[in-house]
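A.B. asks: Sequence and predicted structure below; questions after.
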Amino acid sequence: MTSHSTNMRIKLPTICIILEVILIILFGVFVRYDKETDAKKWHAHHDHNGSEIENDFYYRYPSFQDVHVMIFIGFGFLMTFLKRYGFGSVAFNFLIASFALQWATLMQGFFHGMGSDGKIHIGIESMINADFCTGAVLISFGGILGKTSPVQLLVMAVFEVTLFAINEYIILNIVEAKDAGGSMTIHTFGAYFGLVVSRILYRPHLEKSRHREGSVYHSDLFAMIGTIYLWMFWPSFNSAITAHGDSQHRTVMNTYYSLAACTLATFALSSLLSEEGKLDMVHIQNASLAGGVAVGTAGEMMLTPFGSMIVGSLAGIISTLGYKFLTPILDSKLKIQDTCGIHNLHGMPGILGAIVGAITASMATHDIYGDGMANVFPLVSDGVVTASGQGVRQAIALAVALGFALIGGCVVGFIMKIPIFGSPNDTLCFEDQIYWEVPEEHHAAHEEMIAVATEEGTNA
Amino acid sequence: MTSHSTNMRIKLPTICIILEVILIILFGVFVRYDKETDAKKWHAHHDHNGSEIENDFYYRYPSFQDVHVMIFIGFGFLMTFLKRYGFGSVAFNFLIASFALQWATLMQGFFHGMGSDGKIHIGIESMINADFCTGAVLISFGGILGKTSPVQLLVMAVFEVTLFAINEYIILNIVEAKDAGGSMTIHTFGAYFGLVVSRILYRPHLEKSRHREGSVYHSDLFAMIGTIYLWMFWPSFNSAITAHGDSQHRTVMNTYYSLAACTLATFALSSLLSEEGKLDMVHIQNASLAGGVAVGTAGEMMLTPFGSMIVGSLAGIISTLGYKFLTPILDSKLKIQDTCGIHNLHGMPGILGAIVGAITASMATHDIYGDGMANVFPLVSDGVVTASGQGVRQAIALAVALGFALIGGCVVGFIMKIPIFGSPNDTLCFEDQIYWEVPEEHHAAHEEMIAVATEEGTNA
Amino acid sequence: MTSHSTNMRIKLPTICIILEVILIILFGVFVRYDKETDAKKWHAHHDHNGSEIENDFYYRYPSFQDVHVMIFIGFGFLMTFLKRYGFGSVAFNFLIASFALQWATLMQGFFHGMGSDGKIHIGIESMINADFCTGAVLISFGGILGKTSPVQLLVMAVFEVTLFAINEYIILNIVEAKDAGGSMTIHTFGAYFGLVVSRILYRPHLEKSRHREGSVYHSDLFAMIGTIYLWMFWPSFNSAITAHGDSQHRTVMNTYYSLAACTLATFALSSLLSEEGKLDMVHIQNASLAGGVAVGTAGEMMLTPFGSMIVGSLAGIISTLGYKFLTPILDSKLKIQDTCGIHNLHGMPGILGAIVGAITASMATHDIYGDGMANVFPLVSDGVVTASGQGVRQAIALAVALGFALIGGCVVGFIMKIPIFGSPNDTLCFEDQIYWEVPEEHHAAHEEMIAVATEEGTNA
């Protein structure tokens, strides 16, 4: 009974305040400006030949802002498709992202950004990485959307960010795989982590809330705002932390064509899979983005626009098929209730992206990359591994990401089940009124229903 | 009867898959990275003095992303004003733009981007040009919004993109006119092409769907998202492919002031033309953008902010008057059913922009432009033509654009009428339900009406 | 009675046209391209070492566009929370911003941008400053939202922009305080100006319109678009005109962490202040932005991320408390009817920002800033004042801003009361139908009510 209390008056303020106080203390102790943000160091730092334009800010800030839009508008509005969970979608997204980006700064710093002075020195690239890590948490959020309390979400973020940073450290610094756009570190990890959490939090009586799981006409338009922003800015996402110059430029181009091809494939499949040939907004809102996920690893490589379009088309096909056939099976057979279909948008396309990355890496030659090899495959450039060896490392990285996601999601799922964190009962999922002051006209319509549902839940 | 079949189950997947396969094959054969996106070439390329910031990516990517937002959010949401065609507006926009940008890369490459090796070498400027070409298709889409099948739209895009590339080649490379923001190549061409198509596809019984041609309160707010994004980012549109340095900077500034002045003119006229002095959302959503169109040619020239404001004010006045007086006449007398009023937003302001460009060019002097003349008017700088000669070339370019639009639109309109491409009957225009799975509550409300309308249409 | 005429057919076109004609004439006489936008001057200007990337455009245009989005989408949509004032919110915002940015170019030029040739030379920084000045007007607009005619708003903009420019000149050029993100010049000035205007325009019978002062479900989602864009792009706002290099970079970072911390504090307080622990959309939409306001002065200083997070948390707490407890008191005791709660979002956090700026300035040392001192505190760097002296100047600047706001708002409020400018009567506030053609279904619902209200108002 108490486990289903939806009153957050003590819990939510308490966890927010405790977390923020911890963040502030740890930032005070460990976080410092890096040489590009520090007034003294930048002005003492002369290898920029006297031009301020060589500050990394000018190379990466436009990409950062696009990523920022994807995190807060893209993910936030994509999830507003639910008819009565618009506030929770956009605003809990806002809350957990705001927390996660601060926590990620620390965790990524601890695991792979510590200077010799024991401090974490940060600049624009740290901010991009913090937003990336946040993206993984928001992907997982999509799998449990509407079925958790905001306190549970913050708890998940605390642990998922930590695991993300360790996983990322292993993949990038130990395995030394490449994954600039995060097909493995962000999408595969975030999706399978979220799916396992969703499995652990399985709700046997969710059918009592299913009538609220759909969209209304205008909520689908709000969701399209999220979709289109994610789609447009995905080239910035994949290129945000690749090497300056041709690498950023090429990654943008590969992602652009992959997404365009993916969109056509998605429309084709969506129509084909409907008896009346009618398009389904769920597919358009989600599967058309799979092309961005699927070039998250290979985007910076010499994949060519042609190769990117093949990958994008495949991603769109796989993703749409997943929404049509796999999601119902996951639900009924595996007891994974995946609200947003993150398995179709991030899971399978993430794995596809990892495989494409491994293949593309194993085909790298000095004839194709020239001196650019040093940026894209430094180990190959230095003669430490062959191209095939790099391909193997990419495959290992995928296994690491999956392992971290499955085990991590399992542990964190059980932590989230601890009753003190609260959780709506099965009759009150996908409903804003339990956590929000909802404007009256909406309230009036559902007031009675909620009263009844609460009653039921309490007695359940 | 079959010509009015709205079932897209075979047609839409077929055309999408055929087109994407063709695109992939042609990209594989013809498209290559250019020297700024290719790992080997960029690193072998030393005229950037060793600084990665000289990669064209850093000069143009922020502008590109703004253009991208205009194409997908701007055009897409501007058209969501229709009460029951929000899905079709934003998502068909998404579909045809995703196709058109790939096809445009090829067509623009074939007609004016082929290297000596018979390959098309692409970078950020190609992507901007592809988005520009897509913009022309979306303008035409606005003229026939709600009255065509998605298959017809893709067919239109195939031909319109091709004609766009030829027209652009003649204007920029043969006539050697300047048109960086596309007053002629994009707006005039796209608008008159769309108007002719709309004329060919004239629907004598469209009054049966007129009750669906209006807006509802929130659909007008969705449309304002489109308007404001187009308005804000128009400076990026006009400057995206102008010369580096002062040219990009000046074009942004001219466009900024033109649009601001246009907005005041639009509010003034909208109120003045209403008996009760009430403002009309149609005017605000559309005519306030005419100032961007009207400086699409002259924006990079030394038009001055003062000149830009005069042009913007004129554009706002002409455009609002067009919505009030001309649109009804085009409909009743010329049988042009222009859903979004593209004649007012893109047609007349495009011609105005071409004329302003011709006048401004003919007034160019070395005293005003200095060494910058080489960027803005290379022919004048090289002494090939006088300033007046350049002005004449600008006028010729307008005639070319109009010619291509009128003849091309006529031919393509008849192709689009081929019954196999499908088309809703006159009673089912402006209605999402024929192509989309629409959420239930909306469905319920109109289910019966649609059933009746379909019946009627079948018997018509 | 005539003072409550809502027919704008003569008034609105007249003022728009007169203002635009004056603007065009003054631009023609006074405004010229600066050396970075002028074709001749830029090409004659060789201190950019031959690289076009050194044009200020590339340092500031991405930030400018983010600021532009904040002004037109951010402010515009933030105010659409009102159930029946969405058109007025987003479109009057559009109108007055379009006017104000033109007028601001002139006023800021006259007061602190005039060249020795008696001309105002403009470039990207002028455009950012014009948008900033516009921001102050839009803040004031938030205090009187739904209660004025568009003519009154334009009149307010004419005077407020002028006073803004004088105030800014005194603060930045005479007092020589630092305020790159405008905690004082924009937020404190704009908020207290608007509050005084709201006081002067006090409406004793506003309770007759209170039923329209709330939101509906989807209007709150539209408002969240505004919120999120403001939140995401605030780092660009605060850094847009700081010095190139580390200063822009550092300001972005400080603002980013301040806002993230502020969001957690806002969620905590919003839940804590509700009896049922339910979150209030008003708090989330507004108070979570206070962290950006509060580092508007100190953001460019060596505040550290740690310091920024403390400031952001405080701002979120103060702002949420303000919405809960202070707004009702301002209304009932001080007769200040602050529609959007600008006192909580801009007023108190602006003062907090000024104080934080004064303290941070007074703690500046050469050991912390190194050669960067010349950019951040030129007076201290030149030995003209001590750090404490700079702190005192910052405090004086706050007093100047408050003084200008209070006196200016008072005078301008009385000007706005002149009956000729029109004004809705107390029964018709927060209602789009008096100034807009509203789509029918909405109209039908409220037609009768409005007819009655108008009747009442006329007899009042």
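C.D. replies: Structure received.
A.B. asks: Quick check: which ranges of chain A have low pLDDT?
C.D. replies: Low-confidence segments of chain A (pLDDT under 70): A:1-4, A:46-49, A:441-460.
A.B. asks: Buried residues in the lengthiest helix in it, which are they?
C.D. replies: When chain A is parsed with DSSP state H, its longest helix is helix A:387-416. Neighbour-count burial for helix A:387-416, with 16 or more other CB atoms under 10 Å in any protein chain shown as criterion, is recorded at A:387, A:390-398, A:400-402, A:404-405, A:408-409, A:412-413, A:416. Placement of C-beta: from N, CA and C, glycine included.
A.B. asks: What is that helix packed up against?
C.D. replies: helix A:150-169, helix A:189-200, helix A:348-362, helix A:378-381 (3 or more CB pairs under 8 Å, 6 or more residues apart in numbering or on different chains; DSSP states H and E).
A.B. asks: Including distance to residue C:54 and mean neighbour count, could the ones you listed go into JSON lines?
C.D. replies: Shown next, in JSON lines, are the helices and strands packed on helix A:387-416 (distance: least, CB to CB, whole Å; neighbours: other CB atoms under 10 Å in any protein chain shown):
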{"stretch": "helix A:150-169", "distance to residue C:54": "36", "mean neighbour count": "24"}
{"stretch": "helix A:189-200", "distance to residue C:54": "41", "mean neighbour count": "28"}
{"stretch": "helix A:348-362", "distance to residue C:54": "37", "mean neighbour count": "26"}
{"stretch": "helix A:378-381", "distance to residue C:54": "31", "mean neighbour count": "18"}
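A.B. asks: of all those, which lies closest to chain C?
C.D. replies: Chain C lies closest, by CB to the nearest CB, to one member of the helices and strands packed on helix A:387-416: helix A:150-169, at 7.5 Å.
A.B. asks: Might you calculate how far that closest one sits from the centre of the chain?
C.D. replies: Taking CA atoms, centre = their mean, to the nearest Å, one finds helix A:150-169 lying 12 Å from the centre of the chain it belongs to.
A.B. asks: OK, now which residue of the stretch 151-300 of chain A is nearest to chain B?
C.D. replies: Closest contact between the stretch 151-300 of chain A and chain B, by CB to the nearest CB, is at residue A:277 (2.9 Å).
A.B. asks: ok, that residue to residue C:73 distance?
C.D. replies: Residue A:277 sits at a distance of 36 Å from residue C:73 (criterion: CB to CB, to the nearest Å).
A.B. asks: Pick out whichever of those two has more residues nearby.
C.D. replies: Comparing residue A:277 with residue C:73 by other CB atoms under 10 Å in any protein chain shown, the one with more neighbours is residue C:73, at 24 against 21.
A.B. asks: Helix, strand or coil: sort out that one for me.
C.D. replies: helix (DSSP: H, G, I helix; E, B strand; the rest coil).
A.B. asks: can you give me the strands for chain A?
C.D. replies: Counting by DSSP state E, chain A has strands at residues A:31-33, A:120-122.
A.B. asks: partners of the first one, with directions?
C.D. replies: The reference is to strand A:31-33. Partners of strand A:31-33 in the sheet, by DSSP bridges, are strand A:120-122 (parallel).
A.B. asks: which residues are in contact with the partner strand?
C.D. replies: Residues from elsewhere that reach strand A:120-122, judged by CB atoms under 8 Å, 6 or more residues apart in numbering or on different chains: A:30-35, A:37, A:105-106, A:109-110, A:113-115, A:126, C:253, C:305.
A.B. asks: 7 Å instead, please
C.D. replies: Residues from elsewhere that reach strand A:120-122 (CB atoms under 7 Å, 6 or more residues apart in numbering or on different chains): A:30, A:31, A:32, A:33, A:34, A:105, A:109, A:113, A:114, A:115, C:253, C:305.
A.B. asks: Kindly report the same for stretch A:329-348.
C.D. replies: With CB under 7 Å, 6+ apart as the criterion, stretch A:329-348 contacts A:79, A:139, A:142-147, A:187-188, A:190-192, A:194-195, A:198-199, A:202-203, A:206, A:286-287, A:289-290, A:293, A:318-319, A:322-323, A:326-327.
A.B. asks: Tell me which residues of it come out buried.
C.D. replies: For stretch A:329-348, burial by neighbour count (16+ other CB under 10 Å) applies to A:330, A:336-348.
A.B. asks: repeat for stretch A:116-130
C.D. replies: Buried, per 16+ other CB under 10 Å, within stretch A:116-130: A:119, A:120, A:121, A:122, A:123, A:124, A:125, A:126, A:127, A:128, A:129, A:130.
A.B. asks: does the fourth one have beta-bridge partners, and which?
C.D. replies: Think residue A:122. When assigned by DSSP bridges, residue A:122 has beta-bridge partners residue A:33.
A.B. asks: where's it relative to residue A:142, distance?
C.D. replies: Counting by CB to CB - residue A:122 and residue A:142 are separated by 28 Å.
A.B. asks: Likewise for the last one?
C.D. replies: When CB to CB is applied, the distance between residue A:130 and residue A:142 equals 19 Å.
A.B. asks: now do the first one
C.D. replies: Distance from residue A:119 to residue A:142, counting by CB to CB: 35 Å.
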